[in-house]
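**Student:** With the input below, show me the fold.
(chains A, B, C and D)
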There are 2 protein chains.
Amino acid sequence: MESIATACSAVKGRPREFCTEQALAAALGVFWTKGYEGASMADLTSAMGITKPSLYAAFGNKEALFHKALDLYEAEKLAYTREALNQPTARAVAECFMRGAINAQCNSGSPKGCLGVISTTACGSEGQSIKDDVIARRASSQKALVERFEQAQQAGEFPAHITPQALCQYLYAILQGMAVQAGSGATRTELEQVVDTSLAMWPTR
Amino acid sequence: MESIATACSAVKGRPREFCTEQALAAALGVFWTKGYEGASMADLTSAMGITKPSLYAAFGNKEALFHKALDLYEAEKLAYTREALNQPTARAVAECFMRGAINAQCNSGSPKGCLGVISTTACGSEGQSIKDDVIARRASSQKALVERFEQAQQAGEFPAHITPQALCQYLYAILQGMAVQAGSGATRTELEQVVDTSLAMWPTR
DNA sequence: TAGATTCCATAACGGCCGGTATGTAATGCG
DNA sequence: CGCATTACATACCGGCCGTTATGGAATCTA
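**Tutor:** The predicted structure is shown next:
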């Protein structure tokens, strides 16, 4: 009945024997490698080093665990997308997006490909709420990029026939295509070819 | 012991009560919608209108069924990629690829997205031979496109800094990105924005 | 120490998975 | 007809799925 905030560790019972952040990072690695439906509870608990009841007590269930892993993915692995928006020109923004994607997707030690792409393609009807979540997050980040491109348009960076909306859709297609290729075993060199070619074609006024 | 070719229907037993081609087309629809691992035998037999033993007798097993469905997909749904190579310029080839992809992936009545992209992303370790097959077929079709672009290069269609290999990798990234977007519910209009933007940037000598 | 509370470990649950054994119906051949 | 052959229909198999019940171990408060 004490209504005073007891958010701090006034822990009562037996203390937890694992670090939830560390376990979540391990879970992210599994989802990133195998996708939501491809990752079994046995895969997850094994990688996280905990048992199934511990996982359910700490994270709720498999779906809730995925959403939390997605939060971590956005916060850590997609940080470069927020920094990219601060670049001085739209072209520099696009280059940061693409080079950042290569670093994130070809980093040895991390799984290949993009968790967002993996989670929205394939998979049966089970993971529909997963797909919906990822699609909503993607729309949010696309919105930020469109706004950045509108700013560039007003600065006169584009020819008249290029719209910010279309350019964003185009850039995202390239990024998603690179993720598909990375997941299929493309080398860093091949992905850099895509980036260099894209930049060579980037519109100038 | 008769060694004379009896390939024709010298059927002996009870005749089959379903059309294998029709059943295969139905199976393709299920794989296209749900992916290899996402498609259960119950999904398949239900859509094909046959029972499990009939499926196994006619197609071997789930994996063999998928490879045959992939054959059908390449033959029917990817026919435009072979026609595209006959276009007079590399730019026209690329436009045929992209517009054909939109028609194939946004055709109401067909599932959204590209079966190849769906089959190589996500999914656990079970479908590795599936992924390998798709990746090999993709490499084969990329090879044909690179050769077409080399021909265009010798015809002087590109500036010096654009290589056929890189251009092919770039175009495939756009196509695969469009497939990701189509699978995520993008509209035909949005995909046409991607194509129009790509074509607006296409290199000229 | 006694009780309350929280976590860990084992084992079990119903349900679906891909694949198959079994018995019966339909055809061709002699 | 009797026989071989092939396909159909039902029911079943072991195994894995995500999830949870149960009981003991570890910590807090009193």
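**Student:** how about low-confidence regions in chain A?
**Tutor:** Scanning chain A for pLDDT under 70 picks out A:1-10.
**Student:** tell me which residues in the lengthiest helix in it are buried?
**Tutor:** Among the segments of chain A that qualify as a helix by DSSP state H, the longest is helix A:128-154. Neighbour-count burial for helix A:128-154 flags A:130-131, A:133-135, A:137-138, A:141, A:145-146, A:148-150, A:152-153 (criterion: 16 or more other Cβ atoms under 10 Å in any protein chain shown). Every C-beta, even on glycine, is put in place using the N, C-alpha and C of the backbone.
**Student:** Ok, stretch A:182-195 next?
**Tutor:** A:182-184, A:186, A:190-195.
**Student:** counting contacts, what elements does the longest helix of chain A pack onto?
**Tutor:** The contact analysis (3 or more Cβ pairs under 8 Å, 6 or more residues apart in numbering or on different chains; DSSP states H and E) places helix A:128-154 against helix A:62-72, helix A:90-106, helix A:115-120, helix A:164-183.
**Student:** That one and DNA strand D, any residue contact?
**Tutor:** No - counting by Cβ under 7 Å from any atom of the strand, DNA strand D is not contacted by helix A:128-154; separation bottoms out at 11.4 Å.
**Student:** before we move on, what about stretch A:109-124?
**Tutor:** No - using Cβ under 7 Å from any atom of the strand, stretch A:109-124 stays clear of DNA strand D, coming no nearer than 11.9 Å.
**Student:** element containing A:A160, please.
**Tutor:** Under DSSP states H and E, no helix or strand contains A:A160.
**Student:** From A:L199, how far out is it?
**Tutor:** Distance of A:A160 to A:L199, given as Cβ to Cβ, to the nearest Å: 21 Å.
**Student:** Between these two, which has more neighbouring residues?
**Tutor:** Taking neighbours as other Cβ atoms under 10 Å in any protein chain shown, A:A160 and A:L199 compare with A:L199 leading, 14 against 7.
**Student:** Excluding residues flanking it in the chain, which one is nearest that one?
**Tutor:** A:E95 (6.0 Å; Cβ to Cβ, 6 or more residues apart in numbering or on different chains).
**Student:** what's around the residue of chain A found nearest DNA strand C, how many residues?
**Tutor:** Relative to DNA strand C, the nearest point of chain A is A:G13 (1.8 Å; Cβ to the nearest atom of the strand). The local packing of A:G13 (other Cβ under 10 Å) involves 5 other residues.
**Student:** Mind checking what secondary structure it has?
**Tutor:** Secondary structure, DSSP: H, G, I helix; E, B strand; the rest coil: A:G13 is coil.
**Student:** How about the one 5 residues further on?
**Tutor:** Here A:F18 is coil, with the state taken from three-state DSSP.
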